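In: with the sequence up front, the predicted model follows.
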Amino acid sequence: MFTRERGFPMGGSIGQDAAAQADMQPLFSFPAPRTIVPRWLVEPYRPIGLEQLDAKADMLDRRDNKYVVRADMLHQAIGELIQQFDILEIDGKRNFTYDTCYFDDAERSAYFDHHKGRRIRCKVRMRKYVDADLCFVEVKLKHMRGMTIKERLQCPVEMYGTMDDEARQFVASSYRDLYRREFTRELQPTLAMRYQRVTLVAKRGGERVTIDTGIVFAGTSGSQTIDGDLILVEVKSGNANGIADKILRRLHQHPTNTCSKYCVAMAALNEVSKSNKFLGALRRLGVVPTSSGAWLAKPSQPVKTASLEHRHPATC
């Protein structure tokens, strides 16, 4: 999957004051246990700052490979990884909490467009970088040539999980600029997700590796936590044959490229009527749904709606 990212000025804002957004729908909440990131995963590397990372790995065009790897297998790769990669460190921290709220319409068009492999498709999410106290609305668009384009705009942290008119206009304009057609979907919060992320950057070249642990997600039908021994590794290189790809292949690890976090979580929670395209990723993550046809069914247990941040203070 080719990806191009375009950021927007850090001073940009889509927010309103708290009173103006009081009637907006809050997030689904879930039990988010404290994740202990193993020391061997973060300590051996030489640190690199955010500015250095952006300067070394500012790739506009890239191809991504995703791997579901067991912790003991990734541990075997550390010796080679530390020779080739540095680790992102900010204010002494090397692993960071990410909260993500995905938005979709009532028909789950973003999910089914991906499931059907449509060339024109769009995902909308709001991502909060808990440790940095930053929040962005992000729009991921599939270009007809196979490239994924990500547009994002900073918003106030208190806006996390809600969309005001300005945010919706940003989504619509991003869609219109690429596809030359109007975005007509009525978006609503669909899924919430939290995980811990470690970011590596190659000492030479622009390759990046993100390592996600402690993944937990929630939808209208409940919540689920990925086995803590399973780690999601994403290698972002220019040709889908990066340094980390070679290291993982030598350990007989192979990409699971139909591993969209949003789509896998929606399928695992039985929020959708079809999920066969993502069955490989669901099996590797150990979250194959036990039944089908439960799309938008009433949850067997009530799911409270409350802010993730208020209910479960983020820790690293």
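Out: Everything's here; your move.

In: please write out the alpha-carbon positions of stretch 83-92 in CSV.
Out: Provided in CSV are the C-alpha atoms of stretch 83-92 (Å, rounded to 0.1, in the frame of the first residue of the first chain):
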residue,chain,number,x,y,z
GLN,A,83,22.1,-2.1,14.3
GLN,A,84,19.9,-0.6,11.7
PHE,A,85,17.4,1.6,13.5
ASP,A,86,17.1,4.4,16.1
ILE,A,87,14.1,4.9,18.3
LEU,A,88,11.9,8.0,18.7
GLU,A,89,12.3,9.5,22.1
ILE,A,90,10.3,12.6,23.4
ASP,A,91,10.8,14.0,26.9
GLY,A,92,12.5,10.7,27.9
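
In: in its sheet, what does whichever strand or helix holds residue 198 sit against?
Out: Residue 198 belongs to strand 188-202 when assigned by DSSP states H and E. Strand 188-202 pairs in its sheet with strand 85-88 (antiparallel), strand 96-104 (antiparallel), strand 208-219 (antiparallel), by DSSP bridges.

In: who touches the first one?
Out: Meaning strand 85-88. Strand 85-88 has contacts (Cβ atoms under 8 Å, 6 or more residues apart in numbering) with 42, 45-50, 53, 94, 198-203, 209, 243-244. For the C-beta atoms, the positions are set from N, CA and C on the backbone; glycine is no exception.

In: buried subset of those residues?
Out: Neighbour counting with 16 or more other Cβ atoms under 10 Å marks 42, 45, 48, 53, 94, 198-202, 209, 243-244 as buried within these.

In: ok, so of those residues, who is nearest residue 221?
Out: residue 198 (30.2 Å; Cβ to Cβ).

In: what about the spatially closest residue to the closest one that is not a sequence neighbour, how many neighbours?
Out: Among residues not flanking residue 198 along the chain, residue 211 sits closest, at 4.3 Å (Cβ to Cβ, 6 or more residues apart in numbering). For residue 211, the neighbour count with other Cβ atoms under 10 Å is 24.

In: what do you get for the one 3 residues further on?
Out: Burial of residue 214 is recorded as 20 neighbouring residues (other Cβ under 10 Å).

In: quick one: the spatially most central residue of the chain from residue 91, how far?
Out: Nearest to the mean C-alpha position of the chain, by Cα atoms, centre = their mean, lies residue 261 at 6.1 Å. Noted for residue 261: a distance of 26 Å to residue 91, by Cβ to Cβ, to the nearest Å.

In: residue 38 too?
Out: Residue 38 is 21 Å from residue 91, by Cβ to Cβ.

In: neighbour count for these two, which is higher?
Out: Per other Cβ under 10 Å, whichever of residue 38 and residue 91 has more neighbours is residue 38, with 13 against 6.

In: list the helices and strands whatever helix or strand residue 244 lives in packs on?
Out: Taking DSSP H and E as the criterion, the element that holds residue 244 is helix 243-250. Judged by 3 or more Cβ pairs under 8 Å, 6 or more residues apart in numbering; DSSP states H and E, helix 243-250 is in contact with strand 62-70, helix 71-84, strand 230-237.

In: in it, what counts as buried?
Out: Within helix 243-250, judged by 16+ other Cβ under 10 Å, the buried ones are 243, 244, 245, 247, 248.

In: repeat that for stretch 212-230.
Out: 212-226, 230.

In: so how far is it off the chain centroid?
Out: 12 Å (Cα atoms, centre = their mean, to the nearest Å).

In: the residue nearest to residue 275 when sequence neighbours are not counted sits in which helix or strand?
Out: Of all residues not flanking residue 275 in the chain, residue 267 sits nearest, at 3.4 Å (Cβ to Cβ, 6+ apart). Here residue 267 sits within helix 261-268, counting by DSSP H and E.

In: downstream neighbour of that helix in the secondary structure list?
Out: helix 279-285.

In: residues touching the closest residue to residue 186 other than its chain neighbours, list them.
Out: Leaving out its chain neighbours, the residue that sits closest to residue 186 by Cβ to Cβ, 6+ apart is residue 105, at 5.5 Å. Residue 105 makes contact with 185, 186, 187, 188, according to Cβ under 8 Å, 6+ apart.
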